[in-house]
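Asker: Return atomic coordinates for the entry below.
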Amino acid sequence: MTSDDTKKAKDGTFSSPPCLTQEINPTYSDPLVVDPNKAIDVARWRKAKREQLRAARKTLSVEEHASVSAQLAGQLESVLHSRFEGAKGQILSMYWPIKGEPDLRPLMIKLHDAGVIIALPLVETKAAPLVFRLWTPETKMVRGDWNIPVPPADAEQLTPDISLAPLVGWDNKGYRLGYGGGYFDRTLAALAGSPLKIGVGYTSAKLATIYPQPHDIAMDLIVTEDEILAITPSS
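Answerer: Numbers count the residues shown, from 1 in each chain. Below is the predicted model of the structure:
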């Protein structure tokens with residue numbers, strides 16, 4: 001690859017189409033080895049798939065979105081009761097819904113009332129791990145990065161025991177396709193205590209693979225409106 005090709009690859013353009021070997025061989029997945037050309041192919045494939053999945057979920061009607069969100073909330077409650085006896089007194093990081101994500105805010109209120117400690121993630125420093133701040137129904141939210149509502153700076157900072165991660169896409173090995181900023185992977189790698197990692201998304205967002213790279217961190221569970229998938233290291 002020439003220096004000019006490298007520059008074009010970084011800004012998302014190419015002098016010629018990339019090989020996209022993963023499209024030819026969908027079983028490709030070697031997270032321990034990084035080939036620069038394949039890494040570029042994976043990044044380009046992910047960008048296109050991310051846009052496709054985000055466009056698809058925008059087609060949900062208001063009623064469909066509300067129904068799926070309620071089903072997902074029920075699945076998550078089931079997980080918390082079966083694995084944590086309801087998770088009372090434990091710190092659960094959730095998220096404020098954006099860009100067509102399932103709306104779990106009613107569940108946030110319900111869990112808070114049941115004694116679960118709710119934390120919300122936010123960007124405090126660019127390209128650094130997320131931080132988590134205490135949320136209650138009385139919290140006066142402020143606008144954070146990407147204009148997402150977040151708890152204010154004086155809210156208590158917490159470390160989650162259980163962490164929810166939104167999924168744009170996901171696969172059977174527990175790997176998630178996010179928004180491309182790397183914040184959740186960076187955060188989960190840095191969190192002390194190894195919280196239970198739960199990916200939350202739509203059944204329709206399931207992929208054969210996301211072509212995991214060394215920085216990608218697998219979830220412990222994938223929860224959709226239709227299933228609760230436990231991930232094992234050998235899966």
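
Asker: Quick check: which ranges of the protein have low pLDDT?
Answerer: Residue ranges of the chain with pLDDT under 70: 1-34, 233-235.

Asker: one more time with 80
Answerer: 1-35, 127, 146, 192-193, 233-235 (pLDDT under 80).

Asker: Now do the helices in it.
Answerer: Using DSSP state H, the helices of the chain run over residues 3-10, 21-24, 36-57, 62-84, 105-113, 183-190.

Asker: Take these and write them to CSV, including mean neighbour count and distance to residue 99.
Answerer: The C-beta positions use only the backbone N, C-alpha and C, and glycine is treated the same way. Output for these, formatted as CSV (neighbours: other Cβ atoms under 10 Å; distance: least, Cβ to Cβ, whole Å):
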stretch, mean neighbour count, distance to residue 99
helix 3-10, 12, 25
helix 21-24, 13, 25
helix 36-57, 16, 6
helix 62-84, 16, 12
helix 105-113, 16, 15
helix 183-190, 18, 14
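
Asker: Residue 117 - how many residues pack around it?
Answerer: Counted with other Cβ atoms under 10 Å, the neighbours of residue 117 add up to 20.

Asker: and the nearest residue to it once chain neighbours are set aside, what does it touch?
Answerer: Nearest residue to residue 117, sequence neighbours excluded (Cβ to Cβ, 6 or more residues apart in numbering): residue 91, at 4.6 Å. Taking Cβ atoms under 8 Å, 6 or more residues apart in numbering, we find residue 91 in contact with 117, 119, 132, 158-162.

Asker: out of these, which are inside strands?
Answerer: The strands, defined by DSSP state E, take in 117, 119, 132, 158, 162 from the contacts of residue 91.

Asker: Would you agree the fourth one is in contact with residue 130?
Answerer: No. Because the distance of 11.7 Å does not satisfy Cβ atoms under 8 Å, residue 158 is recorded as not touching residue 130.

Asker: More neighbours: which of those two?
Answerer: Higher neighbour count among residue 158 and residue 130: residue 130, with 21 against 18, using other Cβ under 10 Å.

Asker: ok, that one touching residue 185?
Answerer: No. With contact defined as Cβ under 8 Å, residue 130 does not reach residue 185; the gap is 10.5 Å.

Asker: related to what we said a few turns ago, distance to residue 201 added to the helices of the chain, as TSV?
Answerer: Output for the helices of the chain, formatted as TSV (distance: least, Cβ to Cβ, whole Å):
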stretch	distance to residue 201
helix 3-10	29
helix 21-24	21
helix 36-57	9
helix 62-84	8
helix 105-113	15
helix 183-190	12
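
Asker: Out of those, which is closest to residue 210?
Answerer: Proximity to residue 210 (Cβ to Cβ) singles out helix 36-57 among the helices of the chain, at 6.9 Å.

Asker: ok and the closest one relative to helix 62-84, angle-wise?
Answerer: Going by axes from the mean of the first three to the mean of the last three Cα atoms, to 10 degrees, helix 36-57 is angled at 120 degrees with respect to helix 62-84.

Asker: Report the buried members of the contacts of residue 91.
Answerer: Buried subset of the contacts of residue 91 (neighbour count, 16 or more other Cβ atoms under 10 Å): 117, 119, 132, 158, 160-162.

Asker: which of the contacts of residue 91 lies closest to residue 139?
Answerer: residue 119 (10.9 Å).
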